[in-house]
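> quick check, what structure comes out for this input:
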Amino acid sequence: MNFASSAASADGPIRSLQAASDLLRALASPVRLGIVRELAEGGKYVHELVDILGVSQPLVSQHLRVLRASRIVRARRQAREIQYELTDEHVAHIVLDAIRHAQE
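Now for the predicted structure:
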């Protein structure tokens with residue numbers, strides 16, 4: 001096997017590692033972890049997240065933008081409000097496991 005084909009075959013794992021790194025970077029905030037923890041139980045509106053997490057609405061909205069950009073959450077308009085939900089339950093498992101591990 002020559003170097004070029006070896007490098008090409010290694011591209012897949014590196015891409016996967018980069019995607020995992022991007023996911024972890026998007027989760028690297030106590031507020032974002034809290035949002036994901038709450039959304040693991042089902043969709044929530046911004047005002048619900050503000051009340052549960054005890055932080056300001058602009059701060060929650062800022063963190064939701066990061067999570068949306070990373071495709072961790074999606075927004076669904078319901079009348080005048082927007083409900084947020086997880087796009088993938090696997091992310092909830094990662095976050096909940098990390099929280100449990102930190103509590104041990």
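> low-confidence ranges, the chain, go.
Low-confidence segments of the chain (pLDDT under 70): 1-11.
> can you pull up the most central residue in the protein?
Closest to where the C-alpha atoms of the chain average out (CA atoms, centre = their mean) is I72, at 4.0 Å.
> could you find the closest non-adjacent residue to that one?
Leaving aside its chain neighbours, I72 sits nearest to V91 (5.5 Å; criterion: CB to CB, 6 or more residues apart in numbering). Quick note: C-beta positions are derived from backbone N, CA and C, even for glycine.
> give the contact list for L86.
V36, L39, A40, I72, V73, R74, A92 (CB atoms under 8 Å, 6 or more residues apart in numbering).
> the fourth one and A79: what is the separation?
Read that as I72. Between I72 and A79 the distance is 24 Å, computed by CB to CB, to the nearest Å.
> what does the last one give?
A92 sits 26 Å away from A79, taking CB to CB as the criterion.
> out of these two, which sits in the busier spot?
Counted by other CB atoms under 10 Å, A92 and A79 do not tie: A92 has more neighbours, with 17 against 6.
> what distance do you get for that one to E38?
The gap separating A92 from E38 is 10 Å, by CB to CB.
> next: R25.
According to CB to CB, R25 stands 20 Å off from E38.
> the more surrounded of these two?
A side-by-side neighbour count of R25 and E38, using other CB under 10 Å, places E38 first with 18 against 11.
> is it true that that one touches I52?
Yes. At 5.6 Å, E38 counts as touching I52 under the criterion of CB atoms under 8 Å.
> S61 sits in which helix or strand?
S61 belongs to helix 57-69 when assigned by DSSP states H and E.
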